[in-house]
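Trainee: here is a sequence with its predicted model. Questions after.
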Amino acid sequence: MARSFSASVRRVTLALFVLQLALLPMMAIASDADPEQDFCVGDSNNPNIVNGLVCKNPAEVKANDFKFSGLANPGNTNNPLGSNVTAAFAAEFPGINTLGISMARLDFAKGGLVPPHTHPRATEIIFVVEALNSQNPGTQIQAVALFNSKINEVVLEKAFGLGEKAVQHIEYTVEAANAVN
Ligand SMILES: *[C@@H]1O[C@H](CO)[C@@H](O)[C@H](O)[C@H]1NC(C)=O
């Protein structure tokens, strides 16, 4: 009995090892290919459609294509969300086209917010220059992270365009569903 048990353990271990080996190549190709050139300054005037912006002729690239000073200016937060995103993406900052990076400056009025969102396949680094407080639910179950958390109801009302009663209703149902699980 003991012998056949250890034999099955060995078989399972071998099967897992083989499975792991089979998956290795998938891990190796699970990222974007490296850019084929050192830079590809985006040409927003080019009418050709590619997955991104067409490269400007390298002979016409200027030092200015690699400079963006828009992040120095605060955005106007006088809007319903009380926030402003100043983008430094390839369209505004052509030098970063295809380099896998983009930047943005976020300005918030008191009580302002950016609606909860995700950036698929991207990593986000936030450098806070000046702030009072922040809210980071940090979990992947959106309904629970948003409606069964300590996020201020006013934030949820603004982010989802809901009234106070609707937010409380969702909070109640999410909490009830969570209590059952
Ligand atoms: C963000 O700020 C800029 C610069 O003040 C302004 O032109 C733009 O309309 C603002 N965007 C929103 C959504 O308020």
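Mentor: Structure's in. What do you need? Bear in mind the structure is a predicted one, so any value in this text is a computation, not a measurement.
Trainee: what helices or strands is the lengthiest helix in the chain leaning on?
Mentor: Longest helix of the chain, by residue count under DSSP state H: helix 2-28. Judged by 3 or more C-beta pairs under 8 Å, 6 or more residues apart in numbering; DSSP states H and E, helix 2-28 is in contact with no other helix or strand. Every C-beta, even on glycine, is put in place using the N, C-alpha and C of the backbone.
Trainee: and the next element down the chain from it?
Mentor: Remark: after helix 2-28, the chain's next helix or strand is strand 83-88, criterion DSSP states H and E.
Trainee: so for that following strand, what gets flagged as buried?
Mentor: Judged by neighbour count (16 or more other C-beta atoms under 10 Å), strand 83-88 contains these buried residues: 83-84, 86-88.
Trainee: is the ligand contacted by that strand?
Mentor: Yes. For strand 83-88, a contact with the ligand is found by C-beta under 6 Å from any ligand atom, at residue 84.
Trainee: circling back to that earlier point, could I get the buried residues of strand 83-88 as JSON lines with pLDDT?
Mentor: Putting those into JSON lines (pLDDT from 0 to 100) gives the following:
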{"residue": "83", "pLDDT": "94"}
{"residue": "84", "pLDDT": "96"}
{"residue": "86", "pLDDT": "96"}
{"residue": "87", "pLDDT": "94"}
{"residue": "88", "pLDDT": "95"}
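Trainee: may I see the buried residues of the lowest-mean-pLDDT helix or strand in the chain?
Mentor: Every helix and strand of the chain was ranked by mean pLDDT, DSSP states H and E. The lowest is helix 2-28, at a mean of 78. Buried residues in helix 2-28, counting neighbours by 16+ other C-beta under 10 Å, are absent.
Trainee: and for stretch 53-71?
Mentor: Neighbour-count burial for stretch 53-71 [16+ other C-beta under 10 Å]: 53-56, 61, 65, 68.
Trainee: any idea of the mean pLDDT for it?
Mentor: Mean per-residue pLDDT for stretch 53-71: 95.
Trainee: tell me if it is near the ligand.
Mentor: No. Against the ligand, stretch 53-71 shows no contacts by C-beta under 6 Å from any ligand atom, the least distance being 9.2 Å.
Trainee: which residues does that stretch contact?
Mentor: 37, 39-44, 46, 48, 86, 88, 90-95, 97-98, 103-105 (C-beta atoms under 8 Å, 6 or more residues apart in numbering).
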